[in-house]
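Q: Only the shape, not the letters, is given here:
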């Protein structure tokens, strides 16, 4: 049902492969890490520790998710195509190899151009 994903640090935009691998397994991530994680993943695709006031509230929610199949399945609705435009545009740059992205970034910095990772 679940996979606990703890990041190495709680830093804005810092997301490691642990989260993406959890998505690949089809389980529901219980996430603790980047405070802006909800801006980086499809809507309602994770249970973020940051969304709860304390561990008791989180535990109560997890119990509810485990016993309510409809609620559990609602966390997997994002898997049905199409993905949101926001999510696609956020990660579309990954279609370009990281070496090429590094060259493009370096060229832009060297020549004083604004950097736009989407191009």
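A: That came through fine. Quick caveat, the model's predicted, so the values are computed rather than measured. Numbers count the residues shown, from 1 in each chain.
Q: Now the element after the lowest-mean-pLDDT helix or strand in the chain, going C-ward?
A: Ranked by mean pLDDT, DSSP states H and E, the weakest helix or strand in the chain is helix 85-91, scoring a mean of 80. Proceeding N to C from helix 85-91, the next assigned helix or strand is helix 98-110, under DSSP states H and E.
Q: buried ones in that following helix?
A: Residues of helix 98-110 classed as buried under the neighbour-count rule (16 or more other C-beta atoms under 10 Å) are residue 104. From N, CA and C alone the C-beta is placed, and that goes for glycine too.
Q: And the least confident helix or strand of the chain, how far out from the chain middle?
A: 11 Å (C-alpha atoms, centre = their mean, to the nearest Å).
Q: Please apply the same query to stretch 40-56.
A: That offset, for stretch 40-56, works out to 11 Å (C-alpha atoms, centre = their mean).
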